[in-house]
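J.: Fold the following for me, if possible:
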Amino acid sequence: MQDLASAVVVRLPRSDAERLEREASRLGIGLEEYVLELLLRNLDPLERAREYAEAARGLLERAREELERGDVRQAAGEAWGAAALAVKAYAAWRDGKRLTSHEGLWEYKRVMKKDLGERVSDAWYAGQSMHVCFYEGWCAREGVEEALERIKRLVEEVEKRVEA
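T.: Below is the predicted model of the structure:
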């Protein structure tokens, strides 16, 4: 998978782009995560896990770039996406599961916590606060930076497992 930091622009008819955005919003995920889901749905679980982990890493990098530009809200959205993709990667790696809802993410976070410890909850709740920040726009740069550190540790832990 290509690094998300070097993204490519794809032109679609407005009606198709709006349909994609509506479906992503209905599912409570970002447009990029939704398109990634469409692309990865037919991969074997291990390959999907690796792609999710790589995409999570890319979102962390983009979050840092957004912070450097001063876009705290967008950085928060990227941080949330990285946390969600880390959970999806772990589920695909550990159990071959494909998580498609917020409920599934929350349930699987509990599995990860049993396997990896309390730091999973720390990262997950940091990601959740970033999700809220993205939609409500209330958080400060320092809060995003703290959340990114917690989420980064989770992503690194997942990367080690899915690449082993």
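J.: where exactly do the helices run in this protein?
T.: For the chain, the helices defined by DSSP state H cover 14-27, 31-40, 45-69, 72-95, 102-116, 119-136, 141-163.
J.: Those helices: which one's closest to residue 8?
T.: helix 31-40 (11.4 Å; CB to CB). C-beta coordinates here come from the backbone N, C-alpha and C atoms, glycine included.
J.: Hmm, residue 94 is touching residue 115, no?
T.: Yes: using CB atoms under 8 Å, residue 94 is in contact with residue 115, at 7.4 Å.
J.: For the helices of the chain, give me a markdown table that also has distance to residue 8 and mean pLDDT.
T.: Shown next, in a markdown table, are the helices of the chain (distance: least, CB to CB, whole Å; pLDDT from 0 to 100):
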| stretch | distance to residue 8 | mean pLDDT |
| --- | --- | --- |
| helix 14-27 | 15 | 88 |
| helix 31-40 | 11 | 82 |
| helix 45-69 | 13 | 95 |
| helix 72-95 | 17 | 95 |
| helix 102-116 | 27 | 95 |
| helix 119-136 | 23 | 93 |
| helix 141-163 | 23 | 96 |
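J.: which of these sits most buried?
T.: Mean neighbour count (mean count of other CB atoms under 10 Å) peaks for helix 72-95 among the helices of the chain, with a mean of 26.
J.: Report all helices and strands that that helix contacts.
T.: Applying 3 or more CB pairs under 8 Å, 6 or more residues apart in numbering; DSSP states H and E, one finds that helix 72-95 makes contact with helix 31-40, helix 45-69, helix 102-116, helix 119-136, helix 141-163.
J.: Distance to residue 25 for those helices - can I get that in a markdown table?
T.: Output for these, formatted as a markdown table (distance: least, CB to CB, whole Å):
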| stretch | distance to residue 25 |
| --- | --- |
| helix 31-40 | 8 |
| helix 45-69 | 18 |
| helix 102-116 | 12 |
| helix 119-136 | 10 |
| helix 141-163 | 22 |
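J.: Quick one, which of those helices gets closest to residue 80.
T.: helix 119-136 (4.1 Å).
J.: That closest one versus helix 72-95: what angle between them?
T.: 140 degrees (axes from the mean of the first three to the mean of the last three CA atoms, to 10 degrees).
J.: what does helix 119-136 rub up against?
T.: 72-74, 76-77, 79-80, 82-84, 86-87, 109, 112-113, 138-139, 143-144, 146-147, 150-151, 153-154, 157 (CB atoms under 8 Å, 6 or more residues apart in numbering).
J.: Alright, I will stop here.
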